[in-house]
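In: Fold the stuff below for me.
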Amino acid sequence: MKKTVAVAVSGGLDSAVSAALLKRKNHRVIGLHFRTGYEFTPVEATPSGPLSHINSSAQRISDQIGIPLEVIDCSEAFHREVVHYFTETYRSGQTPNPCMVCNQRIKFGLILERAKELGASTMATGHYARVGQEANGHFSLLKGVDQAKDQSYFLALLTQRQLSQAMFPLGSYTKNQVQKMAKAWGLTSCLARESQELCFVRHQSYKEFLSKSAGFPREPGPITNTRGQTIGQHQGLHAYTIGQRKGISIPGPFPYYVIHLDKKQNRLVIGSKSELAATECMVTHINWIETEPPDKPVSVQTRIRYRHREAESILTPLDRYTATVRFSKAQYAITPGQAAVFYEGERVLGGGWIAGHFHHSHASGA
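Out: Next up is the predicted model:
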């Protein structure tokens, strides 16, 4: 009997090739396209890209590959689980990572449950990552072979149960190979343009989104340097993130970076690049993928954001879900609210959320 696999079909290239690969491997494939409630409305529609464009792209892909497609309305859950988290994290003075929450709660939460209702044993997405199974039966999350495209970071909050039902058909391919397959199979003509931005923010900046959708008040406050001297005024802390350089608009002897968001005093602290350097952070709400938490300090490679090369570090557990991470070399712009993901070579050990207590180093240079 054929294995039934559900594929999250977005309308983009990666999910289309994932579905086509599985069909060619003789699986029974079901396409699932989920609506977030943040797609274009008909009023915003243009001749080239209306509300139905993503849907119709997903439908064209499904028709061409020869698989059924079900459209799932996730708008209520998406707003509750992802958008609310996004806005409240900014409101607290931190910087959110909504893709990690969406993968955990929507794609491998709500959509996976619907896939099982439809008879699928496995849920596939177009992520560049891999799932392995160990001799003890545990499932492991591994990097994708394309180092430039590896997306294992965004999947670090998945549990053993979720990984046991997850499939990433593109994990063993490079993006270049995937593009060639799409072209060879004639899929490129029916694809939606790939979006690199947050799917629910679209054509506005996240600052505009927060102002319009979440009712963020404009709360001006002081901009200070790290010595506490006031050197300007900001228009609302939600418009800034740690490590940001552009948009500060304060002249100085060197480029200014955002060092700290002081929520209590509504104060933006800026300084030189060297003042961004830190050697230690705390990580909370850690999800350990294969194992129990370590009971003593362990050496790991830690990635503090998606576009960051993992750094050598010592992880010291404080309890089951909390640890301090001390880096062998100072890291720049460790940002509260972002995810810290722990690696051992190709393997993801786990990940959690960066909390804001750092020991800053005295790196030289501005």
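
In: Residue 176: neighbour count?
Out: Look at residue 176: counted by other CB atoms under 10 Å, it has 11 neighbours. Every residue, glycine included, has its C-beta placed from N, CA and C.

In: Which helix or strand contains it?
Out: helix 175-184 (DSSP states H and E).

In: which other helices and strands contact whichever helix or strand comes after that helix?
Out: Remark: after helix 175-184, the chain's next helix or strand is helix 206-213, criterion DSSP H and E. In terms of contacts (3 or more CB pairs under 8 Å, 6 or more residues apart in numbering; DSSP states H and E), helix 206-213 is packed against helix 84-91.

In: Would you mind listing the buried residues in the helix it packs on?
Out: Buried positions in helix 84-91, judged by neighbour count with 16 or more other CB atoms under 10 Å: 85, 86, 87, 89, 90.

In: Could you save the residues you listed as CSV and add columns showing pLDDT?
Out: Formatted as CSV, the buried residues of helix 84-91 follow (pLDDT from 0 to 100):
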residue, pLDDT
85, 95
86, 94
87, 92
89, 93
90, 91
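
In: what's the span of stretch 306-324, first residue to last?
Out: 20 Å (CA to CA, to the nearest Å).

In: Would you mind pulling the contact partners of it?
Out: 151, 153-154, 280-286, 293-304, 325-329, 331, 342-343, 352 (CB atoms under 8 Å, 6 or more residues apart in numbering).

In: got it, and stretch 208-216?
Out: 83, 87, 90, 91, 200, 201, 204, 218, 236, 238.

In: how far does it sit from the chain's center?
Out: Distance of stretch 208-216 from the chain centroid (CA atoms, centre = their mean, to the nearest Å) equals 21 Å.

In: And stretch 88-100, by the same measure?
Out: 11 Å.

In: follow-up on the earlier one: which one of the buried residues of helix 84-91 is nearest residue 56?
Out: residue 86 (27.4 Å; CB to CB).

In: Would you check that that closest one makes contact with residue 98?
Out: Yes - counting by CB atoms under 8 Å, residue 86 touches residue 98, with 4.7 Å between them.

In: list residues touching both of these two?
Out: Shared contacts of residue 86 and residue 98, counting by CB under 8 Å, 6+ apart, come down to 198, 200.

In: Can you list the low-confidence ranges for the chain?
Out: 1, 40-55, 189-197, 203, 357-366 (pLDDT under 70).

In: May I see the buried residues of stretch 140-158?
Out: 140-146, 149-158.

In: hang on, the earlier thing: dump the buried residues of helix 84-91 to CSV, plus distance to residue 224.
Out: As requested, the buried residues of helix 84-91 are arranged in CSV below (distance: CB to CB, whole Å):
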residue, distance to residue 224
85, 29
86, 27
87, 26
89, 23
90, 21
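
In: which one among these gets closest to residue 253?
Out: When these are compared against residue 253 (criterion: CB to CB), the nearest one is residue 90, at 30.7 Å.

In: Now for that closest one: which residues touch it?
Out: 96, 210, 214, 216, 238.

In: rerun that using 10 Å as the cut-off
Out: 96, 206-207, 209-210, 214, 216, 236-241, 261, 337 (CB atoms under 10 Å, 6 or more residues apart in numbering).

In: Domain map for the protein?
Out: 4-190, 219-271, 275-360 (automatic domain parsing).

In: For the residue nearest to residue 128 when sequence neighbours are not counted, give me the backbone phi and psi.
Out: Distance criterion CB to CB, 6 or more residues apart in numbering; nearest residue to residue 128, sequence neighbours excluded, is residue 144 at 3.4 Å. Dihedral angles phi and psi of residue 144 (degrees, to the nearest 10) take the values phi -70, psi 150.

In: for the helix holding residue 176, packing partners?
Out: The elements that helix 175-184 packs onto, with contact taken as 3 or more CB pairs under 10 Å, 6 or more residues apart in numbering; DSSP states H and E, are helix 13-24.

In: Now, of the contacts of stretch 306-324, which are buried?
Out: 151, 153-154, 280-283, 286, 293-294, 298, 300, 302-304, 325, 327, 331, 342-343, 352.

In: which ones among those residues are found in helices?
Out: If you go by DSSP state H, the buried ones among the contacts of stretch 306-324 have nothing in helices.

In: picking up where we left off before, and the residue nearest to residue 128, what is it in contact with?
Out: Here residue 144 is in contact with 127-130, 150-152, 168, 170-175, 346 (criterion: CB under 10 Å, 6+ apart).

In: try 6 Å
Out: 128, 129, 150, 171 (CB atoms under 6 Å, 6 or more residues apart in numbering).

In: What of residue 243?
Out: Taking CB under 6 Å, 6+ apart, one finds residue 333 in contact with residue 243.

In: Out of the buried residues of helix 84-91, the closest to residue 114 would be?
Out: Among these, and counting by CB to CB, the member closest to residue 114 is residue 85, at 21.1 Å.

In: So the closest residue to that closest one other than its chain neighbours versus residue 11, what's the distance?
Out: Spatial nearest neighbour of residue 85, chain neighbours left out: residue 101 (5.3 Å); criterion: CB to CB, 6+ apart. As for residue 101, its distance to residue 11 is 21 Å (criterion: CB to CB, to the nearest Å).

In: Then residue 205?
Out: 23 Å.

In: Settle it for me: which of the two has more neighbours?
Out: For residue 205 versus residue 11, neighbours defined as other CB under 10 Å are more numerous around residue 11 (23 against 11).

In: isn't that one right up against residue 59?
Out: No - with contact defined as CB atoms under 6 Å, residue 11 does not reach residue 59; the gap is 8.7 Å.

In: ok, the residue minimising distance to the centre of the chain - contacts?
Out: Here the mean C-alpha position of the chain is nearest to the C-alpha of residue 99 (CA atoms, centre = their mean), at a distance of 3.4 Å. The neighbours of residue 99, taking CB under 6 Å, 6+ apart as the test, are residue 154.
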